[in-house]
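Enquirer: show me the folded form of this:
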Amino acid sequence: MNTKLTLSLDKEVIQKAKKYASQKKSSLSALIENYLVSVTNDHTADENDISPLVKSLSGVLKLDEKSSYKKGYSDYLAGKYK
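Expert: Coordinates of the predicted model:
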């Protein structure tokens with residue numbers, strides 16, 4: 001059930017938010033609702049939580065068992081700062 005809510009915000013903030021919502025093909029109400037859902041979510045963020053973006057990227061690079069990413073990175077840095 002939807003209920004009306006009255007907010008008092010700076011006019012410029014409202015204009016920017018409406019523009020952002022329009023670019024995202026969403027409504028300002030939907031943006032605010034999604035924000036409130038995210039901040040009131042029972043899941044408490046842990047420093048070790050992995051963001052959805054990082055999770056989606058895991059496994060993208062395949063290294064064979066002989067590869068050492070640490071050696072490769074140190075070689076890269078050594079070359080960069082020669």
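Enquirer: what average pLDDT does the helix or strand containing S38 get?
Expert: According to DSSP states H and E, S38 maps onto helix 28-39. Mean per-residue pLDDT for helix 28-39: 89.
Enquirer: tell me what that helix is packed against?
Expert: When contacts are defined as 3 or more CB pairs under 8 Å, 6 or more residues apart in numbering; DSSP states H and E, helix 28-39 sits against helix 11-23. The C-beta positions use only the backbone N, C-alpha and C, and glycine is treated the same way.
Enquirer: if we can go back for a sec, compute the inter-axis angle for the helix holding S38 and helix 11-23.
Expert: 90 degrees (axes from the mean of the first three to the mean of the last three CA atoms, to 10 degrees).
Enquirer: average pLDDT for the very next helix or strand once past helix 28-39?
Expert: Per DSSP H and E, the first helix or strand lying C-terminal to helix 28-39 is helix 52-57. Confidence for helix 52-57, expressed as mean pLDDT, is 80.
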